[in-house]
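> Quick one: sequence plus predicted model below, questions after.
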Amino acid sequence: MTAPVHGGPDAFGTPAHDFSTNANACGPCAPLLDAISSADPTRYPDPASTALRRRLADFHGVAPERVRVAASASEFIVRITAAVALRRRGDGPVQLPPAAYGDYRRAAEAQGLPVRVVHALADGAGHFGLGRPALQDPPADGEPDARPPILAWACEPSSPYGADVPGLARWLAMLPPETPAVLDCAYAPLRLEGGSALPPPARDRVWQLWTPNKALGLTGVRGAYAIAPVDAPAVLLQDLQALAPSWPLGAHAEAMLAAWTSPAVQHWLAAQSLPQLRTWKQRQAALCESLGWQIAPGVANFFCVRPDVPALGPVLGRLRAQGIKLRDCGSFGLPGWVRLGVLPPASQDALVQAWTVVVR
């Protein structure tokens, strides 16, 4: 099984300038912090999250029974993979994008499920998309696994490039009706331009996985939710509930998710945060170009670059020693590339200054 690789704090502590995560560098906002500080951790939350699920349902315009809360996106990834494996182990592979969040694969491997990686329709960065099988992990006998997938994953904007995925509708149309399709919406609230390639009617056919803590700049509070398809099989819903923790959310996570739906927080995100991130991103991209780095275009608050160095690992280590952390994309199958979250100008300038030192 592959070991997890993540950005953020590490054994050396919290980086002074942490480009390695995709968290909103403008957050958190005052109304959200007020909601968190008002949470009552002395009592158990409602294990069914009744009021919260109703509030989230109203926010998305869906029925409350379609909303499922989770301890985190990773917890839901593990849970839905286990739920599918309960009924369909041995029936086919789990389908993944070519470069994606590693927990999709890790959850499948933990269940002993084969994995198929697909290429076909390029995303907006021109690097990868979804559709026809092109790369896959063969089963033990060495023969390609051509069976239909039993679970399929997509992410829009894509990870790690933060780009559009125009092939989403075709990807969904190619899947068998009985295959659960999960659209990871982690970066949808952090989209800085354009809109989803999946129209609203098609969204009713997929599981939508939402993790607002990134957009809110509050990644230390863990909590997520999923919106089930309109016609989600009852047995899958029952298995997901049976596999859930007794209390998926703590008091602070409930407060965060409730505040996420409030007009004040949504106004802060749309009217204040996203415009600021657009300005910072333009400046950060220009600085990267000035360093001679190749840039992969994207539509979110992060993007990937390929510095012109013969060995990236040692350079990243020297940067980390100076309090600057970049996300090595080797774990995504993209050696030589790094992902950069958009940070304020002071951090950008610190990166440029440190880079000129470490590459001498």
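Thanks, I have it. What you see is a predicted model, and the numbers here were worked out from it, not measured in a lab. Numbering: from 1, shown residues only.
> tell me the pLDDT at residue 121?
pLDDT for residue 121: 40.
> actually residue 7, not the one I wrote
If you check residue 7, the pLDDT there is 84.
> Tell me the pLDDT of residue 332.
With respect to pLDDT, residue 332 has a value of 86.
> Contacts only, for it.
Residues near residue 332 by CB atoms under 8 Å, 6 or more residues apart in numbering: 99, 100, 102, 159, 160. Heads up, the C-betas are built off the backbone N, CA and C, glycines and all.
> Can you check these and name whichever has the most neighbours?
residue 160 (27 neighbours; other CB atoms under 10 Å).
> is it true that it lies in a helix?
No - counting by DSSP: H, G, I helix; E, B strand; the rest coil, residue 160 is not part of a helix but coil.
> contacting residues for it?
Residue 160 makes contacts with 99, 302, 304, 327, 329, 332, 334, 337, 339, as judged by CB under 8 Å, 6+ apart.
> For the nearest residue to the third one once chain neighbours are set aside, grab phi and psi.
In this structure, residue 304 finds its nearest non-sequential neighbour in residue 296, 4.4 Å apart by CB to CB, 6 or more residues apart in numbering. In terms of degrees, to the nearest 10, the main-chain angles of residue 296 are phi -90, psi 120.
> and residue 296, how many neighbours does it have?
Neighbours of residue 296 (other CB under 10 Å): 21.
> isn't it right up against residue 161?
Yes - the criterion here is CB atoms under 8 Å, and residue 296 meets it with residue 161 at 5.2 Å.
> show me where the stretch 51-200 of the chain has helices.
Secondary structure of the stretch 51-200 of the chain (DSSP state H, counting those that start in this stretch): helices at 73-88, 102-110, 168-174, 200-203.
> Could you do the stretch 251-360 of the chain as well?
Assigned by DSSP H, counting those that start in this stretch, the helices in the stretch 251-360 of the chain fall at 251-260, 263-267, 274-290, 312-321, 345-358.
> The shortest one - contacts with which helices or strands?
On a contact count with 3 or more CB pairs under 8 Å, 6 or more residues apart in numbering; DSSP states H and E, helix 263-267 meets helix 30-37.
> can you list the residues that contact the helix it packs on?
28, 216, 218, 221, 252, 255-256, 258-260, 262, 264-265, 268.
> Now, of those, which are buried?
Buried members of those, counted by 16 or more other CB atoms under 10 Å: 28, 216, 218, 221, 252, 255, 256, 258, 259, 260, 265, 268.
> hmm, which two among these are most spread apart?
The distance between the two most remote of the buried ones among the contacts of helix 30-37 (CB to CB) is 18.8 Å, for 252 and 268.
> How far away from the center of its chain is stretch 88-100?
Distance of stretch 88-100 from its chain centroid, counting by CA atoms, centre = their mean, to the nearest Å, is 18 Å.
> Quick one: work out the angle between the helix or strand harbouring residue 238 and helix 73-88.
Element membership of residue 238, judged by DSSP states H and E, is helix 234-243. With axes from the mean of the first three to the mean of the last three CA atoms, to 10 degrees defining the directions, helix 234-243 sits at 130 degrees from helix 73-88.
> so what does helix 234-243 touch, helix or strand wise?
Counting by 3+ CB pairs under 8 Å, 6+ apart, helix 234-243 packs on strand 67-70, helix 73-88.
> Other residues contacting the first one?
To tie it back to what came earlier, the one meant is strand 67-70. Residues outside strand 67-70 that contact it (CB under 8 Å, 6+ apart): 49, 52-53, 56-57, 60, 76, 79, 223-228, 237, 240-241, 244, 248-249, 257.
> buried set for stretch 318-338?
Judged by neighbour count (16+ other CB under 10 Å), stretch 318-338 contains these buried residues: 319-320, 322-329, 331-332, 334, 336-338.
> Tell me which of those residues fall in strands.
Counting by DSSP state E, the buried residues of stretch 318-338 place 324, 325, 327, 328, 338 in strands.
> what sits up against the helix holding residue 238?
The set of residues external to helix 234-243 that reach it, using CB under 8 Å, 6+ apart, is 68, 79, 80, 82, 83, 84, 86, 87, 180, 228.
> repeat for stretch 4-22
By CB under 8 Å, 6+ apart, the surrounding residues in contact with stretch 4-22 are 102-103, 106, 162, 186-187, 190, 214, 219, 300-302, 320, 323-328, 331, 339-341, 343, 347, 350-351.
> 6 Å instead, please
214, 302, 323-327, 331, 340-341, 343, 347, 350 (CB atoms under 6 Å, 6 or more residues apart in numbering).
> what does stretch 339-349 give?
Residues contacting stretch 339-349 (CB under 6 Å, 6+ apart): 17, 19, 21-22, 25, 160, 277, 280-281, 284, 287, 301-302, 304, 327, 329.
> Can you give me the distance of residue 39 to residue 182?
As defined by CB to CB, to the nearest Å, residue 39 lies at a distance of 29 Å from residue 182.
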